[in-house]
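Novice: sequence and predicted model, in that order:
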Amino acid sequence: MEMVTYEDESEMSMVYENFRDATVRNDALKSRSGEDSNVPAAALGIKLYRLVAVTFGLLCILQVTLNICLCLALFSQRDSLTEERDELKRINSDTEARCKNVTEERDELKRINFDTEARCKNVTEERDDLERKLKTSVSQRDSLTEERDELKRILIGLGWVYFSDSIYYISSTKKTWQDSRNDCLQKGADLMIINSKEEQDFTRQSKKNVWIGLTDSETEGTWKWVDGTPLTTSYWASDEPNNSGPGNTAENCGEVMMHQLENNWNDLSCDYLKLWICELKLRP
Ligand code: BGC
Ligand code: CA
């Protein structure tokens, strides 16, 4: 929109000055000549003057109006820009806060991942170590199994009998309970310990009376196996143990007798000479 400039105003002043000069000159001529014939010209000049003045006034009003509109538009634009700026500031602040959270979470996850990797490495190392040990153990077990089987073959060749998880030797000569035990120990075994019904039945198959690894020499009436374990399940013959040898002598050692009966143990004087049965455990 065009505004009335300073130059326009100057032009209008000049027009006004010219008009006034003309009017003055005209008045001078009139007074000199003493004539009154120029009155319509003066009225025309005044009209023109008024027209110019009104036009100028209108232009001023228009200028002021335009200025006000422009100011209002600028104010409104400024307000909306301020609002936009504040909104952007808020968004930026929110985004920064979210970004901070995300960064913290990422760092925490990095730490967790680092720890997990370290633990995983440890576990992997332990597993590898265990695998190596297992391999060694398996190979040791295999070689021990071979050795055991070889030993079994040798012992069976020497008159031992394999049963369950043990191998047994029944003597062909007779000795006291202690000498019998010493012989077993010297063979790497001991007198037989009976701790299952199957073993008890096994002793009856030989149909021989034999010393077993049972004694109450330490405390009369408290029977123990040679490995120190107390007697729990027993197969005493009826009325045994009676601790009653000939002449009422003590009976502190156990034997298997009367193979036709399931309950066939007897207590006997340890000095008797009897066959004996050794047991070599193949598993602990
Ligand atoms: C008795 C046994 C005793 C044995 C001693 C038997 O007659 O029944 O209890 O141990 O004689 O020789
Ligand atoms: Ca007896």
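Specialist: Nice, I can see it. Residues are numbered from 1 along each chain as shown. Ligands and ions are numbered 1, 2, ... in the order given.

Novice: count of neighbours near residue 187?
Specialist: Residue 187 sits with 14 neighbouring residues when counted by other C-beta atoms under 10 Å. In short, each C-beta sits where N, CA and C put it, glycine included.

Novice: next one: the one 10 residues further on
Specialist: Neighbourhood size, residue 197 [other C-beta under 10 Å]: 11.

Novice: could you do the one 5 residues further on as well?
Specialist: Residue 202 is surrounded by 18 other residues when neighbours are defined as other C-beta under 10 Å.

Novice: now do residue 79
Specialist: With other C-beta under 10 Å as criterion, residue 79 counts 10.

Novice: other SSEs contacting the helix or strand encompassing residue 59?
Specialist: Assigned by DSSP states H and E, residue 59 falls within helix 39-157. For helix 39-157, the packing partners by 3 or more C-beta pairs under 8 Å, 6 or more residues apart in numbering; DSSP states H and E come out as helix 6-33, strand 166-170.

Novice: just the buried residues of whichever helix or strand comes after it, please?
Specialist: Once the chain leaves helix 39-157, the next helix or strand it forms, by DSSP H and E, is strand 161-163. Under the neighbour-count criterion of 16 or more other C-beta atoms under 10 Å, strand 161-163 has nothing buried.

Novice: pLDDT (mean, whole number) over strand 161-163?
Specialist: For strand 161-163, mean pLDDT rounds to 94.

Novice: and the residue in the stretch 51-200 of the chain positioned nearest to ligand 1, how many neighbours?
Specialist: Of all residues in the stretch 51-200 of the chain, residue 177 sits closest to ligand 1, at 13.0 Å by C-beta to the nearest ligand atom. By the criterion of other C-beta under 10 Å, residue 177 has 26 neighbours.

Novice: ok, it touching residue 270?
Specialist: Yes. Using C-beta atoms under 8 Å, residue 177 is in contact with residue 270, at 4.1 Å.

Novice: what do these two both touch?
Specialist: 215, 253 (C-beta atoms under 8 Å, 6 or more residues apart in numbering).

Novice: beta partners of the residue in the stretch 151-284 of the chain positioned nearest to ligand 2?
Specialist: As assessed by C-beta to the ion, ligand 2 sits closest to residue 267 within the stretch 151-284 of the chain, at 4.1 Å. Beta bridges link residue 267 to residue 254, judged by DSSP bridges.

Novice: and it, how many neighbours?
Specialist: Neighbours of residue 267 (other C-beta under 10 Å): 23.

Novice: distance check, it against ligand 1.
Specialist: Residue 267 sits 6 Å away from ligand 1, taking C-beta to the nearest ligand atom, to the nearest Å as the criterion.

Novice: that residue is in contact with residue 241, isn't it?
Specialist: Yes. Using C-beta under 8 Å, residue 267 is in contact with residue 241, at 3.5 Å.

Novice: which residues are in contact with each of those two?
Specialist: Common contact partners of residue 267 and residue 241 (C-beta under 8 Å, 6+ apart): 216, 251, 254.

Novice: which among those residues gets closest to ligand 1?
Specialist: residue 251 (5.2 Å).

Novice: which residues of the protein lie near ligand 2?
Specialist: Contact residues, the chain versus ligand 2 (C-beta under 5 Å from the ion): 240, 242, 251, 266-267.

Novice: I appreciate the help and will end here.
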